[in-house]
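Undergrad: Sequence and predicted structure below; questions after.
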Amino acid sequence: MDSDHCILLVEDSADDVKLLKRAMRKAAVSCPVHVVADGDKAIEYLDGAGAYADRHAFPLPTLVLLDLKLPRRSGFEVLEYLRAHAMLKKTIVVVLTGSSESRDIANAYTRGANSYLVKPIKPGQMDHLVNRVKEYWLDTNRPPPVFSPA
């Protein structure tokens, strides 16, 4: 089912990106995974602007894995942006962050997150978490259709 998907990973920590990509390989995530390191780049990608203008190379994601603490625009701002745009508002967003603060959890859901996951400390736990995300969001769940600009 991965071939029908595209993941946008919005993460500023190179170490976390490395751990997540390794865990995705172990979980046999076969769909494209595009990585951006800040909120501005995430919005540029979602808009298909600048370096991301080629929608064949940079398709709209069916799943966004979104850190909250980002340079430039925060993950909360990216989430608000997604939910404010008709073509993007149904995109599945899984917040994947280091914060377990109840305030952040509530804010993420208020802004339209589909799920909120706290990054585990141990690499083996990250493997397990990514496998669970894959099993549910990529293998079991049926996402809404991804629309392309006319």
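TA: Sure thing, it's come through. These figures come from a predicted structure and were not determined experimentally.

Undergrad: where does residue 93 land in three-state SS?
TA: Put simply, residue 93 is strand when judged by DSSP: H, G, I helix; E, B strand; the rest coil.

Undergrad: For the residue nearest to it when sequence neighbours are not counted, list each beta-bridge partner.
TA: Counting by C-beta to C-beta, 6 or more residues apart in numbering, residue 64 is the residue found nearest to residue 93 once chain neighbours are left out, at 4.7 Å. C-betas here are computed from N, CA, C, even on glycine. Beta bridges link residue 64 to residue 8, residue 93 when assigned by DSSP bridges.

Undergrad: per-residue confidence at residue 64?
TA: For residue 64, the model assigns a pLDDT of 98.

Undergrad: mind listing what it touches?
TA: 7, 8, 10, 42, 78, 82, 91, 92, 93, 94 (C-beta atoms under 8 Å, 6 or more residues apart in numbering).

Undergrad: swap the cut-off to 7 Å and go again
TA: Applying C-beta atoms under 7 Å, 6 or more residues apart in numbering, we find residue 64 in contact with 8, 10, 91, 92, 93.

Undergrad: Tell me which two in those are the farthest apart.
TA: When C-beta to C-beta is used, the two most widely separated members of the contacts of residue 64 are 10 and 92, lying 13.2 Å apart.

Undergrad: Tell me which of those two has more neighbours.
TA: Neighbours around residue 10 and residue 92, counted as other C-beta atoms under 10 Å, are more numerous at residue 10. The numbers are 29 against 20.

Undergrad: Would you mind measuring from that one to residue 63?
TA: Distance, residue 10 to residue 63, using C-beta to C-beta, to the nearest Å: 11 Å.

Undergrad: Please state the mean pLDDT value computed over stretch 5-14.
TA: Here the average pLDDT along stretch 5-14 is 97.

Undergrad: Give me the distance between the two termini of it.
TA: Using C-alpha to C-alpha, to the nearest Å, the end-to-end distance of stretch 5-14 comes to 23 Å.
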